[in-house]
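Colleague: no sequence on hand, only this structure:
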């Protein structure tokens, strides 16, 4: 047996059961999804990197299965398979999840909530943070650090900028990835050019020409070479991106003020009221008030609901850059940590409106939720 | 008698031939006392060694587990199959055969793709466009994942492929591949091109030691003998012996030969009778002989070397440092 794999047999303690019981009283139906799950949705949504942390197995028929590495995807899948699919519904859970972790047990407990289909997003967001705070309070930590963000704000900002689509795509992707963003901005300002040296002349010539004609030319050239769909990308797709490169090479040079705008945007942090004021001021200055209005309205409405739930706004730390690195969040994100310790969150969650569609839902279904790391909380002494 | 040192060598094909030839050159003839079909063998004239014939991937996992002491396997397999490889094994020496490069290759028709940064961008666009992730066919799952991760590529899926990987894009089962190539001709024949900065690993067959094997005094001593012969043979192949005699030979001339031709003086400077023995890299031999004659040598003899043993044993030192 591999000594690096430690299993644990201890069940949830009384405080964890009490926590989930309180979530049930708040109207969230307790569910117990299967431990053994098809691996595909996790790999597809979380990326290949999660594969090395997952416990995978193969069924005799060839299907790939795993021990669930989290509960959000299993709860979402069960919801989609139920008659409730598409309708407002809320669930809570408590159970083991399995991830390979070099210095900790592979099996550990998570509790949490998933809320689907609620149209009143701001109120739902605020309720999640409030229920998350109940979890830490139940373990005797009544004033955790509260870090929040809203990834929809950056997405909206980028969508509203006058940039070629390829650059928008890259900025969003690199925002999610926590790296490279500064590098991207540098390239943009320098008149970023990743066109191929030997195609430079052709690309420059095509850049000024009629886009439809250029597209037809490149498509024809590829067809003459006897190339149809290759490896799942169509000739049209290849031609389109080839020409996009010419656009990047020839025209795009990010004006300094746009770069400055992005950097100032990402530097905004403070309590939600301060941040909102700064964001409004920045939007006005950049002449993007109407572009950013929907996202900012939602943000301020959420702040109102947080206050209404008795959360001290002065303790809520908001940052426009927080939430980077999580591909599937689409809006509000939050983390509760211990001010006396560093590192791992005790409670973490957010809004993931795109997840159900990626799991096969045909209708857009808003979703928000969070997970509670039971063993991390169990380290605290007594309940309040 | 204590347990033998287990040396694992490939059980079939060119790798087996090359490995056997390699050990034979080092004076270590692999023999199968119980017949050619046997999967256990020995080294002629060397006690305490058991030769295990295994497949290359099995050799790799046995090394990782410490079930064999030494083995011949490709670095690609070591990096792919052993997590934290450097903690479990020591790559002692590249053996000069079994060369293969692990590369990222895309259809030639992707005229918009030249670098990994392009792949990154195409991957993201592909997901938006098709609602699914781009697929990478490979048998090098771990190498691919680590490389793509280091390059910041996230929107892709790995499709495990155990053979004929280069056919996957044409067959429609993947968009691109990660595979080994030696000359690139198979890739080109399948309409694929290597991405410029897409070389993941340049691999060759290696003599590898397992850190987790039971290394007692006797297996260490056996390993020392084997590695001593391997090192002596490697050194012998790296040089030709050049002997000359002439009156005007002095230290200054030897210094200048060292500088110009990279020669070694295994037995020191010229003897009192003017005899000089030099070890010279093969490609410099003719230039050196000309130089010596210009400086007064009457006759210069050049000979191949069988072995060059020296007091130090760099390969064994490497093994010992790793245990």
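Modeller: Great, that's in hand. Just so we're clear, the structure is a prediction, and the values are computed from it rather than from any experiment.
Colleague: in chain B, which residue sits nearest chain A?
Modeller: At 3.6 Å from chain A, residue B:169 is the closest residue in chain B, using C-beta to the nearest C-beta. The way it works is simple: take the backbone N, C-alpha and C, and place the C-beta from them, glycine included.
Colleague: where's that residue, which helix or strand?
Modeller: For residue B:169, the host element (DSSP states H and E) is helix B:168-171.
Colleague: what packs against that helix?
Modeller: With contacts taken as 3 or more C-beta pairs under 8 Å, 6 or more residues apart in numbering or on different chains; DSSP states H and E, helix B:168-171 sits against strand B:176-181.
Colleague: who does the strand it packs on pair up with?
Modeller: strand B:100-107 (antiparallel), strand B:134-138 (parallel) (DSSP bridges).
Colleague: closest one to residue A:258 among the ones you listed?
Modeller: With C-beta to C-beta as the measure, strand B:134-138 is the member of these nearest residue A:258 (30.0 Å).
Colleague: what are the contacting residues of that closest one?
Modeller: Applying C-beta atoms under 8 Å, 6 or more residues apart in numbering or on different chains, the external contacts of strand B:134-138 come out as A:232, B:122-123, B:126-127, B:144, B:148, B:155-161, B:165, B:168-169, B:173-179.
Colleague: turn the buried ones among those residues into a named PyMOL selection, would you?
Modeller: Buried subset of the contacts of strand B:134-138, written as a PyMOL selection, criterion 16 or more other C-beta atoms under 10 Å in any protein chain shown:
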select buried, (chain A and resi 232) or (chain B and resi 122+123+126+127+144+148+155+156+157+158+159+161+165+168+169+174+175+176+177+178+179)
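Colleague: strands - which of the contacts of strand B:134-138 land there?
Modeller: Among the contacts of strand B:134-138, the ones falling in strands (DSSP state E) are B:156-160, B:176-179.
Colleague: which ones are touching residue 33?
Modeller: Went with chain A since none was named. Residue A:33 touches A:68, A:71, A:74-75, A:77-78, A:93, A:95, counting by C-beta under 8 Å, 6+ apart.
Colleague: my question was about chain B, not that one.
Modeller: With C-beta under 8 Å, 6+ apart, residue B:33 has these contacts: B:41-42.
Colleague: what do you get if the cut-off is 7 Å, keeping everything else the same?
Modeller: residue B:42 (C-beta atoms under 7 Å, 6 or more residues apart in numbering or on different chains).
Colleague: go on, residue B:88?
Modeller: Residue B:88 touches B:64, B:82, B:211-212, counting by C-beta under 7 Å, 6+ apart.
Colleague: mind checking which of those are buried?
Modeller: Applying 16+ other C-beta under 10 Å to the contacts of residue B:88 flags B:64, B:82, B:211 as buried.
Colleague: export these as JSON lines, with columns for secondary structure and distance to chain A.
Modeller: Putting the buried ones among the contacts of residue B:88 into JSON lines (DSSP: H, G, I helix; E, B strand; the rest coil; distance: C-beta to the nearest C-beta, whole Å) gives the following:
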{"residue": "B:64", "secondary structure": "helix", "distance to chain A": "12"}
{"residue": "B:82", "secondary structure": "coil", "distance to chain A": "13"}
{"residue": "B:211", "secondary structure": "coil", "distance to chain A": "16"}
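Colleague: which pair of the ones in strands among the contacts of strand B:134-138 spans the longest distance?
Modeller: Spanning the widest gap among those are B:157 and B:179, at 16.5 Å by C-beta to C-beta.
Colleague: re the thing from before, most tightly packed of the strands paired with strand B:176-181?
Modeller: strand B:134-138 (a mean of 24; mean count of other C-beta atoms under 10 Å in any protein chain shown).
Colleague: pLDDT at the spatially most central residue of chain B, what is it?
Modeller: Central residue of chain B (C-alpha atoms, centre = their mean): residue B:94, 2.7 Å from the mean position. In this model, residue B:94 is scored at 91, pLDDT.
Colleague: quick one, what contacts it?
Modeller: With contacts defined as C-beta under 7 Å, 6+ apart, residue B:94 is in contact with B:204, B:206.
Colleague: and the helices in the stretch 151-300 of chain B?
Modeller: Per DSSP state H, counting those that start in this stretch, the stretch 151-300 of chain B carries helices over the ranges B:168-171, B:185-189, B:217-238, B:251-261, B:285-294.
Colleague: give me the buried positions along the third one.
Modeller: For helix B:217-238, burial by neighbour count (16+ other C-beta under 10 Å) applies to B:219-220, B:222-237.
Colleague: the residue nearest to the centre of chain B bridge partners, please.
Modeller: Beta-bridge partners of residue B:94, counted by DSSP bridges, are residue B:206.
Colleague: reformat the helices of the stretch 151-300 of chain B as CSV; add mean pLDDT.
Modeller: Output for those, formatted as CSV (pLDDT from 0 to 100):
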stretch, mean pLDDT
helix B:168-171, 89
helix B:185-189, 88
helix B:217-238, 91
helix B:251-261, 87
helix B:285-294, 91
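Colleague: so which of the ones you listed comes closest to residue B:25?
Modeller: Among the helices of the stretch 151-300 of chain B, the nearest to residue B:25 by C-beta to C-beta is helix B:217-238 (5.4 Å).
Colleague: and the closest one, how far out from the chain's middle?
Modeller: 16 Å (C-alpha atoms, centre = their mean, to the nearest Å).
Colleague: stretch A:146-156 now?
Modeller: 10 Å.
Colleague: can it be found next to chain B?
Modeller: No: taking C-beta under 7 Å from any C-beta of the partner chain as the criterion, stretch A:146-156 and chain B are apart, separated by no less than 13.4 Å.
Colleague: mean confidence for that stretch?
Modeller: Stretch A:146-156 comes out with an average pLDDT of 93.
Colleague: then stretch A:256-267?
Modeller: pLDDT averaged over stretch A:256-267 equals 84, rounded to a whole number.
Colleague: turn the contacts of residue B:88 into TSV, columns for pLDDT.
Modeller: Converted to TSV, these look like this (pLDDT from 0 to 100):
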residue	pLDDT
B:64	95
B:82	92
B:211	94
B:212	91
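Colleague: hang on, residue B:73 packs against residue B:59?
Modeller: Yes: under the criterion of C-beta atoms under 7 Å, residue B:73 makes contact with residue B:59 at 4.5 Å.
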